[in-house]
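[1] Predicted model and sequence below, questions to follow.
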Amino acid sequence: MILGPLFMLLMLAAVVAAIVVVVRWVGGPWQTPPSPLPPGRAAIDILNERFARGEIDQAEYEAKRRLISQP
């Protein structure tokens with residue numbers, strides 16, 4: 001008498017687990033979007049590199065540096 005409902009709960013749990021496994025298998029691996037900047041690379045570092053390569057002049061460098069450093 002007690003085993004009937006217990007068996008039904010176990011079967012329901014097995015069906016739910018099987019559905020979860022199938023959905024995850026079909027859906028493929030979970031992927032997180034790439035971060036815009038690699039870890040440890042700050043905006044000021046990028047600005048310094050652009051200035052060193054000559055992509056921006058000193059006036060633009062100073063203006064952008066002030067914008068970056070504002071809280």
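    Okay, I see it.
[2] From now on I want contacts and neighbour counts done on CA atoms only, so please keep to that.
    Will do.
[3] For stretch 1-10, which residues meet the burial criterion?
    Buried residues in stretch 1-10, counted by 16 or more other C-alpha atoms under 10 Å: none are found.
[4] and the helix or strand residue 20 falls within, what's its mean pLDDT?
    Counting by DSSP states H and E, the element that carries residue 20 is helix 3-27. Helix 3-27 shows a mean pLDDT of 91.
[5] helix or strand right after the strand or helix carrying residue 49?
    Per DSSP H and E, residue 49 falls inside helix 43-53. Later in the chain than helix 43-53, the nearest helix or strand by DSSP H and E is helix 58-69.
[6] any residues touching that following helix, and which ones?
    The contact list for helix 58-69, computed with C-alpha atoms under 8 Å, 6 or more residues apart in numbering, reads 43-44, 47, 51.
[7] Could you check the angle it makes with helix 43-53?
    170 degrees (axes from the mean of the first three to the mean of the last three C-alpha atoms, to 10 degrees).
[8] Could you pull out the buried residues of helix 58-69?
    Using 16+ other C-alpha under 10 Å as the test for burial, helix 58-69 gives residue 61.
[9] Having no further points to raise, I will conclude here.
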